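# predicted model and sequence follow; I will ask about them next.
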Amino acid sequence: MALNFRVSVRETSNQSVALQLYGDFDASSACELINVLEKNVKRSRKVAIDTDQLRTVNAFGLDVFLPSMSRLNNTRADIQVTGRFSEVFNEV
C-alpha cells in the first residue's frame with residue numbers, strides 16, 4: 001500500500017457507496033482501489049468515486065487500474081468517477 005494514498009468508504013444509502021481518494025495514485029494505489037471496489041460492487045448498486053482530493057495520478061497506476069475498472073463496470077454496480085481527475089479515470 002502506498003503510504004501517501006488512502007480510500008475513504010462511506011455508505012450513502014442501502015445500496016450506494018461513496019469512495020473518496022486521497023494522496024497520490026500509483027500502481028500500488030490502483031491495486032488497493034481495485035480491492036475496495038471488488039468488495040463494494042458485490043453489495044452496492046451504485047459506487048461513486050471522487051478524485052478531488054488526489055494530488056497526482058500516475059500513468060502506470062491508470063494502466064493497472066483501467067482494465068479492472070472495465071471488468072467491474074460489467075457487474076451489476078454502476079460505477080461513476082467524479083472530480084478533477086475524472087476524465088483520466090473514465091478512459092475505458
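Alright, I've got the coordinates.

# who does the lowest-mean-pLDDT helix or strand in the chain touch, helix- and strand-wise?
Sorting the helices and strands of the chain by mean pLDDT, DSSP states H and E puts helix 59-73 at the bottom, at a mean of 87. Packing partners of helix 59-73 (3 or more CB pairs under 8 Å, 6 or more residues apart in numbering; DSSP states H and E): strand 16-25, helix 27-41, strand 78-82, helix 86-89. All C-beta spots, glycine's among them, are computed from the backbone N, C-alpha and C.

# parallel or antiparallel, which strands does the first one pair with?
Paired strands of strand 16-25, with direction, are strand 5-13 (antiparallel), strand 46-57 (parallel) (DSSP bridges).

# for the last one, C-alpha coordinates in PDB please.
Going back to what we said before, that points to strand 46-57. Output of strand 46-57 as PDB, limited to C-alpha atoms (Å, rounded to 0.1, in the frame of the first residue of the first chain):
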ATOM      1  CA  LYS A  46     -24.100   2.400  -7.200                       C
ATOM      2  CA  VAL A  47     -20.500   3.300  -6.400                       C
ATOM      3  CA  ALA A  48     -19.300   6.900  -6.700                       C
ATOM      4  CA  ILE A  49     -15.500   7.600  -6.800                       C
ATOM      5  CA  ASP A  50     -14.500  11.200  -6.000                       C
ATOM      6  CA  THR A  51     -11.000  12.100  -7.200                       C
ATOM      7  CA  ASP A  52     -10.900  15.800  -6.000                       C
ATOM      8  CA  GLN A  53      -8.500  15.000  -3.100                       C
ATOM      9  CA  LEU A  54      -5.900  13.300  -5.300                       C
ATOM     10  CA  ARG A  55      -2.600  15.200  -5.700                       C
ATOM     11  CA  THR A  56      -1.300  13.200  -8.700                       C
ATOM     12  CA  VAL A  57      -2.300  10.400 -11.000                       C
END
